[in-house]
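Model the structure of this input:
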Amino acid sequence: MRVIIHDYTDPYFNMAAEEYLLENETQDVFMLWRNDNAVVIGKNQNAWAEVNVPFTEEQGITVVRRLSGGGAVFHDLGNVNFTYITAHDSTRGIDFRPFLEPILRALASLGVEAEADGRNDVVVSGAKISGNAQCVHRLPGGGERLLHHGTMLFSSDLS
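Just a heads-up that it's a prediction; the model follows:
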């Protein structure tokens, strides 16, 4: 597995890095990254319906679209993001558990009692600290790659 931990905080770069690795990397990937202030929207969302665009422009908050579905989320430097990219077989369906288990073990090793809740969240004492999403990329020559990414609320500026 290729492990990438980088300091680039440009949301456009980070979304492009995920897409590039999904489409071009042949080995499994695990990436840790953070974004400067950004609203990240799902692939099927209408930015004008989900985001107060004039406010984001006024505040210098980037709006960027991700490859996966799901809702809009706010990122800042207090939000750690993780990405897994691996081979996939659509006949197995979508399963979040194999990707959440290492995250739960890492949190437990830090003394954080977290659990998977619902289909794709991680919660502590019932409060959501991580949302996750997936998308499948079909390779031109056959085969598939799966991108699983998630947020980890660490010390975001909630104001």
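
Residues touching the host helix or strand of residue 49, excluding its own?
If you go by DSSP states H and E, residue 49 is part of helix 47-50. Contacts of helix 47-50 with the rest of the structure, by CB atoms under 8 Å, 6 or more residues apart in numbering, involve 39, 41, 53, 63, 65, 71, 72. Bear in mind the C-beta positions are built from the backbone N, C-alpha and C, glycine included.

Quick check: longest strand in this protein by residues?
Counting by DSSP state E, the longest strand found in the chain is strand 127-138.

tell me which residues of that one are tucked away?
Using 16 or more other CB atoms under 10 Å as the test for burial, strand 127-138 gives 129, 130, 131, 132, 133, 134, 135.

what's the closest non-adjacent residue to the first one?
With CB to CB, 6 or more residues apart in numbering as the criterion, residue 129 has its nearest non-adjacent residue at 4.6 Å, and that residue is residue 153.

For the chain, which segments are assigned as helices?
Ranges of helices in the chain, per DSSP state H, are 11-24, 47-50, 53-59, 97-109.

okay, the residue nearest to residue 129: pLDDT?
We note a pLDDT of 88 for residue 153 in this prediction.

Give me the number of neighbouring residues for residue 40.
25 (other CB atoms under 10 Å).

which residues does it contact?
Applying CB under 8 Å, 6+ apart to residue 40 gives the contacts 11, 15, 64, 65, 66, 72, 73, 74, 75.

So in terms of bridging, what pairs with it?
Taking DSSP bridges, one obtains residue 64, residue 73 as the residues bridged to residue 40.
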